[in-house]
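Asks: no FASTA, just this:
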Ligand SMILES: Nc1nc2c(ncn2[C@@H]2O[C@H](COP(=O)(O)OP(=O)(O)OP(=O)(O)O)[C@@H](O)[C@H]2O)c(=O)[nH]1
């Protein structure tokens, strides 16, 4: 069939919240692929599972007659989840052409469902929704290994109502995230509505429906994306293995063109782009891995290369040939290794395991209005900690690590600094923790700032407690209002400088500040008693004009506000617009 040869297999990724059934669904799909051969024969596999044209046709045709299949099969990426999805890139964006978003129909949308939606939208990847665990809906009449279309015919009215209620809830919740969805068998225009396929991964219900909807969408809407051309040969390295006896193998999803033994390829290494050769290609077969002379996209392959080079997973493999020069391939590789993240002058520091996850966490931080000042791949090192701990803005002193470790010397270094380190492997809780950390630090800084700014206060020098007349003056004072602090500047009622508070003592205890009402002894620098200040005199804590203005907008104690009025009156003797 000519049409089949012109298209490659669409690449499918499975995403969804933890425990909603991604792995079980992928197992069902893998089971489908094994069932055609003799069950249990696949012992080793490479990153992806192919559902061939024959299986696809058989699976779909048993449930749905007369549905033409134009694609040569489907290739499912074996690692589920939005992190894997973000880490597996193609030169056009996401490696997956289409995705399945698994949602437990009984639980509905959860944080990682929403992150998955965000990421799918960001990459503009079309997807279908597998509404899973329909067997856990009340009144379920037990059945298994069948299509949803068939299973629903066996159910009672009560079950159909319960399931519909859940699906309606799902539809309305998805709508709030800009997703217009409906049950797949009720959709008239698939270009406008996202398909919800009810399934039970556990009981293998709805697998045929999933395969049918995926195939239908791919062949109708993704023809350009999945057109097979031989102009360029491109792959994404998803795992690198160093095997002493064999050498370096690259588990790769080949998504365009054809790769042969002996071909020259460009890959990305920790030392930059490098050129190497294909020594052997291994592919999945019924009896484990087998060598292959040449492979056509799309396929999961293991490539043994001729050089011992530190290839980075998640990066491109580009065949160098008459259509693609080494220079061009290297340029492409360098370009794709730059993270697409908005960097600000101030913000948090982010570290992640790979480019895709770095971008994924950066994207979510941006959504939460958290700026990023630095984003890099790798574990959190001592160098990161010293770098961040010397930043001027205390709100920048935080490192967020996604799927990375904090190295031992970094832990030690961090212990003696005020920086925050937040690590984890769940994006939403990392973002949440970062928000909490930033809010707390802001609050602490505000408190600190409050304790540093002068408070409108009034004191009187107690004539009966004069201890020293100069250098410094030491007298007993009565604090009538506010809070006097060491370092405060005093003025008299003519706005004349009346000294600086050097220390405060309450009996034997030295104090940094004293709240009214109180009587304490006070050392005052910069003035002489009976020349500048006098026993019995009332003095005020000097307030800068900007502080006075700011204090007017805050709700302060009545006595303090009264004192602020008095200070304002004093200041206006000299400047009638003071504090306006
Ligand atoms: N009742 C019911 N349980 C299911 C179904 N699918 C999966 N489960 C159960 O849900 C739990 C989680 O399933 P997994 O497939 O591991 O979910 P996951 O989304 O891959 O989870 P993570 O890998 O932890 O993110 C397991 O106990 C499954 O047996 C289903 O269709 N019905």
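Replies: Sure, I can see it. These numbers come from a predicted model, not from an experiment.

Asks: contact residues of the chain facing the ligand?
Replies: Contacts of the chain with the ligand, taken as Cβ under 6 Å from any ligand atom, map to 16, 18-24, 80, 132-133, 135-136, 200-202. C-betas here are computed from N, CA, C, even on glycine.

Asks: mind running it again at 8 Å?
Replies: Contact residues, the chain versus the ligand (Cβ under 8 Å from any ligand atom): 16-27, 80-81, 102, 104, 112, 132-136, 199-203, 205.

Asks: and after the helix ranked longest in the chain, which helix or strand comes next?
Replies: Longest helix in the chain by number of residues (criterion: DSSP state H): helix 427-452. The C-terminal neighbour of helix 427-452 among helices and strands, as given by DSSP states H and E, is strand 458-468.

Asks: so which bits of that following strand are buried?
Replies: Neighbour-count burial for strand 458-468 flags 458, 459, 460, 461, 462, 465 (criterion: 16 or more other Cβ atoms under 10 Å).

Asks: what's opposite the first one in the beta bridge?
Replies: Beta-bridge partners recorded for residue 458 (DSSP bridges): residue 481, residue 540.

Asks: just the closest residue of the stretch 351-500 of the chain to the ligand, please.
Replies: Proximity of the stretch 351-500 of the chain to the ligand (Cβ to the nearest ligand atom) peaks at residue 426, 10.3 Å away.

Asks: helix or strand: which one has the closest residue to that residue other than its chain neighbours?
Replies: Taking Cβ to Cβ, 6 or more residues apart in numbering, and ignoring the residues beside it in sequence, residue 426 has residue 112 as its nearest neighbour in space, at 7.3 Å. Secondary structure from DSSP H and E places residue 112 in helix 111-123.

Asks: and that helix, what's its mean pLDDT?
Replies: On average, the pLDDT along helix 111-123 is 92.

Asks: who touches the helix or strand following it?
Replies: Next in sequence after helix 111-123, counting helices and strands by DSSP H and E, comes strand 127-132. For strand 127-132, the surrounding residues in contact (Cβ atoms under 8 Å, 6 or more residues apart in numbering) are 15-16, 20-21, 24-25, 98-105, 120, 166-167, 170, 174, 181, 184, 194-201, 206, 210, 213-214, 217.

Asks: phi first, then psi, for residue 383.
Replies: According to degrees, to the nearest 10, the main-chain angles of residue 383 amount to phi -60, psi -40.

Asks: how many other residues sit next to it?
Replies: 12 (other Cβ atoms under 10 Å).

Asks: which pLDDT value goes with it?
Replies: 94.

Asks: how close does it sit to residue 410?
Replies: Residue 383 is 8 Å from residue 410, where distance means Cβ to Cβ, to the nearest Å.

Asks: now do residue 516
Replies: According to Cβ to Cβ, residue 516 and residue 410 sit 47 Å apart.

Asks: one more: residue 464?
Replies: With Cβ to Cβ as the criterion, residue 464 and residue 410 are 60 Å apart.

Asks: residue contacts, the nearest residue to residue 366 once chain neighbours are set aside?
Replies: The shortest distance from residue 366 to any non-neighbouring residue, by Cβ to Cβ, 6+ apart, is to residue 342 (6.6 Å). The neighbours of residue 342, taking Cβ under 8 Å, 6+ apart as the test, are 362, 366, 372.

Asks: ok, residue 342 to residue 569 distance?
Replies: For residue 342, the distance to residue 569 equals 51 Å [Cβ to Cβ].

Asks: repeat that for residue 296.
Replies: For residue 296 relative to residue 569 (Cβ to Cβ), the value is 89 Å.

Asks: settle it for me: which of those two has more neighbours?
Replies: Each of residue 296 and residue 569 has its neighbours counted (other Cβ under 10 Å); residue 296 has more, 17 against 12.

Asks: check which helix or strand covers residue 241.
Replies: In this assignment (DSSP H and E), residue 241 forms part of strand 234-243.

Asks: name the helices or strands packed onto that strand?
Replies: In terms of contacts (3 or more Cβ pairs under 8 Å, 6 or more residues apart in numbering; DSSP states H and E), strand 234-243 is packed against strand 89-90, strand 247-256, strand 316-320.

Asks: chain center to stretch 206-225: distance?
Replies: Here stretch 206-225 is found 30 Å from its chain centre; the criterion is Cα atoms, centre = their mean, to the nearest Å.

Asks: can you name the next helix or strand after the lengthiest strand in the chain?
Replies: Looking across the chain with DSSP state E, the single longest strand is strand 272-285. For strand 272-285, the following helix or strand on the C-terminal side (DSSP H and E) is strand 288-292.

Asks: so what strands line up beside that next one?
Replies: Here strand 288-292 has these sheet partners by DSSP bridges: strand 272-285 (antiparallel).

Asks: that older thread, can you tell me which of the contacts of strand 127-132 are in strands?
Replies: Of those, the ones assigned to strands by DSSP E are 15-16, 98-104, 181, 194-198.

Asks: let me know the closest of these to residue 235.
Replies: The nearest member of those to residue 235, counting by Cβ to Cβ, is residue 98 at 18.5 Å.

Asks: verify the stated contact: that closest one with residue 126.
Replies: Yes. Counting by Cβ atoms under 8 Å, residue 126 is a contact partner of residue 98 at 5.3 Å.

Asks: mutual contacts of these two, please.
Replies: Both residue 98 and residue 126 are contacted by 217, 222, under the criterion Cβ under 8 Å, 6+ apart.

Asks: state the distance from the residue lying closest to residue 117 once chain neighbours are set aside to the ligand.
Replies: Counting by Cβ to Cβ, 6+ apart, residue 117 lies nearest to residue 177, which is 5.4 Å off, once chain neighbours are set aside. From residue 177 across to the ligand, the span is 19 Å (Cβ to the nearest ligand atom, to the nearest Å).

Asks: that's a helix at residue 177, yeah?
Replies: No. Counting by DSSP: H, G, I helix; E, B strand; the rest coil, residue 177 falls outside a helix, being coil.

Asks: and residue 299, how many residues sit next to it?
Replies: Residue 299 has 25 neighbouring residues, counting by other Cβ under 10 Å.

Asks: that one against residue 75, yeah?
Replies: Yes. With contact defined as Cβ under 8 Å, residue 299 reaches residue 75; the gap is 6.9 Å.

Asks: common neighbours of these two, please.
Replies: Common contacts of residue 299 and residue 75 (Cβ under 8 Å, 6+ apart): 9, 48, 50, 253.

Asks: in strands, which of the residues you listed fall?
Replies: Going by DSSP E, the strands hold 48, 50, 253 from those.

Asks: tell me if I'm right that residue 249 and residue 304 touch.
Replies: Yes. At 5.2 Å, residue 249 counts as touching residue 304 under the criterion of Cβ under 8 Å.

Asks: mutual contacts of these two, please.
Replies: What both residue 249 and residue 304 touch, as defined by Cβ under 8 Å, 6+ apart, is the set residue 282.

Asks: what sits against the nearest residue to residue 418 once chain neighbours are set aside?
Replies: With sequence-adjacent residues excluded and distances taken as Cβ to Cβ, 6+ apart, residue 418 is closest to residue 397, at 6.2 Å. Contacts of residue 397 were listed using Cβ under 8 Å, 6+ apart, and they are 388, 389, 391, 417, 418, 419, 420.
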